[in-house]
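S.K.: sequence and predicted model, in that order:
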Amino acid sequence: MALTRRAALFGAGAAVGVAGSRWMGAANPSLDGVAIVAPAGGETTLNDASLLSETPIFKHIIVKDPPGDALIATLRAELRAAEAEDRPVCIGAARHSMGGQAIPRDGHAITFDTPSILVEGETYRVQAGTRWHQVITALDPLGLSPKVMQSNADFGVASTFSVGAHGWPMPYGPMGSTVRSIQMLLADGSLVTASRSENADLFAAAMGGYGLIGLITELEVEAVPNQLLEPTFQTMPTADFAAAFTAIADGSTPMAYGRLNIDREGFFDDAMLVTYRPVAGDIPPASGSGFLSKASRAIFRAQPGNEWIKRRRWGIETGIGAMLAGKSSRSSLMNEPVITLDDRDSTRTDILHEYFVAPDRFADFAAAAKAIIPGSYQELLNITLRYVAQDPTALLSYAPDGPRIASVLLFSQEMTARAEADMARMTQELIEAVLAIGGSYYLPYRLHATPDQFRRCYGRSLDFLKVKLQVDPKLRLRNALWDTYLDKGFVY
Ligand SMILES: Cc1cc2nc3c(=O)[nH]c(=O)nc-3n(C[C@H](O)[C@H](O)[C@H](O)COP(=O)(O)OP(=O)(O)OC[C@H]3O[C@@H](n4cnc5c(N)ncnc54)[C@H](O)[C@@H]3O)c2cc1C
């Protein structure tokens with residue numbers, strides 16, 4: 001995006017404001033005398049984006065084979081070696097899940113790190129570990145764009161399928177709804193293809209199945225034509241948001257998201273709906289982070305403990321930020337690296353939560369969150385709202401019986417035991433409130449839900465277990481999600 005004079009003024013103003021706020025701002029809560037929970041690191045452990053999942057492992061291999069016989073042979077050898085010592089196996093890509101979902105305790109960790117994309121018409125075959133920015137780079141010159149992916153482009157394609165991830169393209173369900181078929185190595189070394197018509201039970205279990213059904217090697221995924229999009233910004237009371245959001249889920253709006261204000265005085269009272277609609281014009285090549293994303297980082301990161309900044313941020317986003325936002329290609333909007341908003345603070349870590357509720361219960365969700373979150377010790381930095389269509393396929397679906405409004409909450413958490421205990425308590429309270437209104441919570445984040453909450457939320461988890469036991473009776477494929485909730489499932 002060209003750096004306009006107005007954008008430059010905005011950036012300079014933001015920097016001065018933040019410098020001032022650092023000097024004048026609060027430095028609470030004090031860390032004096034508090035033990036920081038710091039990961040030790042080293043080759044015998046593996047961690048993830050939470051920095052709080054450090055787990056001992058037996059071995060970690062990074063697989064660079066292209067799709068084909070060599071890749072399959074490498075994976076089979078790893079499965080055999082793990083079998084010989086009865087150790088678990090688990091594949092990961094970027095390990096941006098936050099509770100060890102991609103980490104096998106004392107086991108064989110595998111990281112896929114080889115891009116490979118073959119585009120055929122409006123579908124593409126992709127090696128499982130390919131990252132979304134690599135997909136965008138391959139599709140963009142062909143005038144194509146991912147149909148559904150997360151809001152950031154660092155993640156692996158098979159990971160996205162395996163967590164049931166969704167994004168802000170409308171009006172789709174999770175990314176798995178855009179996958180035609182997968183190729184997967186089962187724990188016994190057999191190679192299978194799964195789709196909605198072939199091995200449909202395996203497809204339904206592997207979609208959102210957190211790598212517990214098989215090692216996915218390739219996927220066949222749908223793309224859509226790339227578009228030039230222009231945003232419009234609307235602000236409204238939170239009570240009106242769900243109706244406005246669902247009204248644009250009619251296929252006319254390719255991308256949209258919402259936000260709520262998070263300053264404690266007006267917490268969750270006001271909403272903003274950002275709607276991207278197609279416009280005529282040349283589509284520029286996909287770029288990375290725009291200037292505005294980078295400039296807003298300073299304000300974003302000055303928020304913990306600083307209500308003044310939180311109020312100013314809402315004002316800027318709904319005011320001058322909305323005025324400055326310009327046209328962008330669909331692919332550029334999705335090509336955002338996680339690093340743009342990195343906290344660069346070793347005493348804190350970013351923790352995500354996500355809750356899904358039927359649109360007519362969204363106001364109830366906002367009221368529950370308003371009652372629970374400000375009473376906690378956590379710093380909420382952001383809430384983004386997404387539309388997700390029903391997902392009747394995945395056995396561990398978070399939207400099994402209708403569309404959902406997804407609320408993605410980003411917290412900044414102190415790296416201390418006291419903060420971790422407080423986060424667990426608050427998470428369980430939020431999940432309870434969401435379950436009471438027929439909603440669900442998302443599984444790739446901290447594993448703070450109780451086993452009972454997991455079972456009540458994921459009503460088809462017993463069906464998932466049945467498929468798992470059929471294809472992996474020796475429980476070779478395991479990770480922390482399995483250890484925390486499903487291992488105990490045998491005594492359901
Ligand atoms: C900053 C940030 C933004 C996010 N935004 C969104 C968003 O917009 N929407 C959303 O839905 N989610 C979002 N998430 C969550 C994200 O989608 C998941 O954490 C996802 O797992 C990240 O991909 P990854 O490559 O890091 O996965 P990993 O953590 O590496 O793996 C995730 C799971 O996939 C399994 N897996 C990986 N590869 C394979 C394979 N080849 N075969 C079988 N199983 C496999 C792993 O075993 C693990 O269980 C976000 C997370 C972060 C940190």
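M.R.: Nice, thanks for sending it over.
S.K.: give me the secondary structure label for the residue nearest to residue 393 when sequence neighbours are not counted.
M.R.: Spatial nearest neighbour of residue 393, chain neighbours left out: residue 204 (5.4 Å); criterion: Cβ to Cβ, 6 or more residues apart in numbering. Yep, even glycine has a C-beta here, placed from its N, CA and C like the rest. At residue 204 the chain is in helix, as set by DSSP: H, G, I helix; E, B strand; the rest coil.
S.K.: show me what contacts the closest residue to residue 285 other than its chain neighbours?
M.R.: Distances taken as Cβ to Cβ, 6+ apart place residue 140 nearest to residue 285, at 6.1 Å, with adjacent residues excluded. Each residue near residue 140 by Cβ atoms under 8 Å, 6 or more residues apart in numbering is listed here: 226, 285-286, 329, 331.
S.K.: how near is residue 140 to residue 134?
M.R.: 11 Å (Cβ to Cβ, to the nearest Å).
S.K.: for the stretch 101-250 of the chain, just list every one of the helices.
M.R.: Along the stretch 101-250 of the chain, the segments classed as helices by DSSP state H, counting those that start in this stretch run 132-139, 157-163, 200-206, 241-247.
S.K.: buried residues in the longest one, which are they?
M.R.: Read it as helix 132-139. Buried residues in helix 132-139, counting neighbours by 16 or more other Cβ atoms under 10 Å, are found at 132-139.
S.K.: now do the third one
M.R.: Across helix 200-206, burial judged by 16+ other Cβ under 10 Å covers 202-206.
S.K.: which residues touch it?
M.R.: Applying Cβ under 8 Å, 6+ apart, the contact partners of helix 200-206 are 161-162, 181-182, 184, 192, 194-196, 213-214, 216, 393-395, 464, 467-468, 471.
S.K.: export that helix as PDB, just CAs?
M.R.: The C-alpha coordinates for helix 200-206 follow below in PDB (Å, rounded to 0.1, in the frame of the first residue of the first chain):
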ATOM      1  CA  ALA A 200     -15.900 -40.800   4.700                       C
ATOM      2  CA  ASP A 201     -15.600 -41.900   8.400                       C
ATOM      3  CA  LEU A 202     -11.800 -41.200   8.300                       C
ATOM      4  CA  PHE A 203     -12.300 -37.900   6.600                       C
ATOM      5  CA  ALA A 204     -14.900 -36.800   9.200                       C
ATOM      6  CA  ALA A 205     -12.600 -37.800  12.100                       C
ATOM      7  CA  ALA A 206      -9.400 -36.400  10.600                       C
END
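S.K.: could you give the separation of that helix from the chain centroid?
M.R.: In terms of Cα atoms, centre = their mean, to the nearest Å, the centre of helix 200-206 is found 21 Å from the chain centre.
S.K.: if I pick residue 166, what's in contact with it?
M.R.: 148, 150, 172-175, 386, 388, 406.
S.K.: between these, which is nearest the ligand?
M.R.: In terms of Cβ to the nearest ligand atom, no member of the contacts of residue 166 lies closer to the ligand than residue 150, at 3.5 Å.
S.K.: pretty sure the closest one is touching residue 157, no?
M.R.: No: counting by Cβ atoms under 8 Å, residue 150 does not reach residue 157; the two are 10.6 Å apart.
S.K.: and the two? Which one has more around it.
M.R.: More crowded of residue 150 and residue 157, by other Cβ atoms under 10 Å: residue 157, with 29 against 22.
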